[in-house]
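Student: model this:
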Amino acid sequence: MRFILGFLSGLLGALAGWAGLAALVVMLAGPDRDGGIAMGAFFDIGPIGGVVGLITGIWLFLRFGLVRVPQPSAETSDAAPHRAARLSFPFAVSVVLIVAILGWWGWYELIRSPDLSHGFMTLHVEFRLPAGMNLPDKAEDVHIEIEEASGYAEAMLPPNWRAHDGERKAIIATASLMYKTRHRAVSLTLPDVPTQRWLVDLPSDPDPTPGFSPWHLASGPSQAKIEMHFRLSADR
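Tutor: Numbers count the residues shown, from 1 in each chain. Predicted coordinates:
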């Protein structure tokens with residue numbers, strides 16, 4: 001039992017040090033939309049915090065997880081009692097409780113992943129501009145953000161992102177869905193145009209759609225009159 005609690009204490013320290021140092025680097029670096037800083041902080045810098053956390057976790061177990069209690073000597077009552085080590089009940093309960101919470105959180109994130117159902121899922125979105133409105137000249141001027149649960153991701157523009165629907169110009173983009181959630185939204189930002197936002201009406205664990213949804217205007221009051229529709233595809 002001591003070995004198990006010592007191992008869990010070291011493991012928790014390693015996780016805390018790894019995640020804490022990576023989060024500190026991301027916080028100091030500022031916003032990172034493409035995820036490059038976050039990936040580097042987690043895989044390149046995080047392990048340093050993991051090693052420090054592992055050592056700290058083991059030290060905390062030895063320092064607070066084991067308590068010394070005097071034991072009377074069996075040979076004579078005058079002999080000085082020796083001290084035997086036993087587990088600290090509050091420390092053991094704290095470690096087990098933290099492990100249980102982290103285990104539940106990991107299980108919850110796992111069941112929210114679409115990998116358990118249809119595998120890799122792609123959201124295809126198209127935007128139709130009002131008549132007479134021109135497309136930006138550069139792809140860098142088009143910013144499409146996918147909001148999913150509490151996370152954000154930039155949509156990808158294919159080489160043929162400039163399209164048209166009759167006489168109306170259009171934009172084509174794709175994005176990966178990462179979670180099972182009811183809260184999904186798409187936003188579009190163009191030069192000299194206020195950011196437009198659409199709610200994506202999909203269930204938390206959606207199936208691929210047979211075709212595109214109807215065209216919808218952005219949520220809330222909007223003067224741009226840009227429309228959006230979407231479809232969903234999957235690996236399996």
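Student: ok now the longest helix anywhere in the chain, how far from the chain's centre?
Tutor: When the chain is parsed with DSSP state H, its longest helix is helix 2-29. In terms of Cα atoms, centre = their mean, to the nearest Å, the centre of helix 2-29 is set 17 Å apart from its chain centre.
Student: and it, what's buried?
Tutor: For helix 2-29, the neighbour count (16 or more other Cβ atoms under 10 Å) marks 5-6, 8-18, 21-22, 25-26 as buried. C-beta: built from backbone N, CA, C; applies to glycine.
Student: next SSE after it?
Tutor: Counting by DSSP states H and E, the next helix or strand C-terminal to helix 2-29 is helix 36-40.
Student: what residues of that next one count as buried?
Tutor: For helix 36-40, a neighbour-count test (16+ other Cβ under 10 Å) marks Ile37, Gly40 as buried.
Student: and the residue positioned nearest the centre of the chain, how far from Phe43?
Tutor: Taking Cα atoms, centre = their mean, the centroid of the chain lies closest to Gly151, which sits 6.3 Å from it. Using Cβ to Cβ, to the nearest Å, Gly151 is found at 19 Å from Phe43.
Student: ok so, going back, not counting residues beside it along the chain, what's closest to the residue nearest to the centre of the chain?
Tutor: Leaving aside its sequence neighbours, Gly151 sits nearest to Met178 (Cβ to Cβ, 6 or more residues apart in numbering; 6.8 Å).
Student: in this structure the one you found contacts Glu148, no?
Tutor: Yes. Assessed by Cβ atoms under 8 Å, Met178 is found in contact with Glu148 at 6.1 Å.
Student: quick check, the residue nearest to the centre of the chain in contact with Ala175.
Tutor: No. Gly151 is beyond contact range of Ala175, at 11.5 Å (criterion: Cβ under 8 Å).
Student: shouldn't Gln135 be within a helix?
Tutor: To be clear, residue 135 is Leu; Gln isn't right here. No. Per DSSP: H, G, I helix; E, B strand; the rest coil, Leu135 lies outside any helix segment and is coil.
Student: okay, now it: neighbour count?
Tutor: As a burial measure, Leu135 scores 18 neighbours (other Cβ atoms under 10 Å).
Student: dig out what the closest residue to it other than its chain neighbours forms beta bridges with.
Tutor: In space, Leu135 comes closest to Lys169 once its chain neighbours are excluded; the distance is 4.8 Å by Cβ to Cβ, 6+ apart. Under DSSP bridges, the beta-bridge partners of Lys169 are His164.
Student: give the contact list for Lys169.
Tutor: Counting by Cβ atoms under 8 Å, 6 or more residues apart in numbering, Lys169 touches Arg128, Leu129, Met133, Asn134, Leu135, Arg162, Ala163.
Student: drop anything exposed from these.
Tutor: Among those, those classed as buried by 16+ other Cβ under 10 Å are Arg128, Leu129, Leu135, Arg162.
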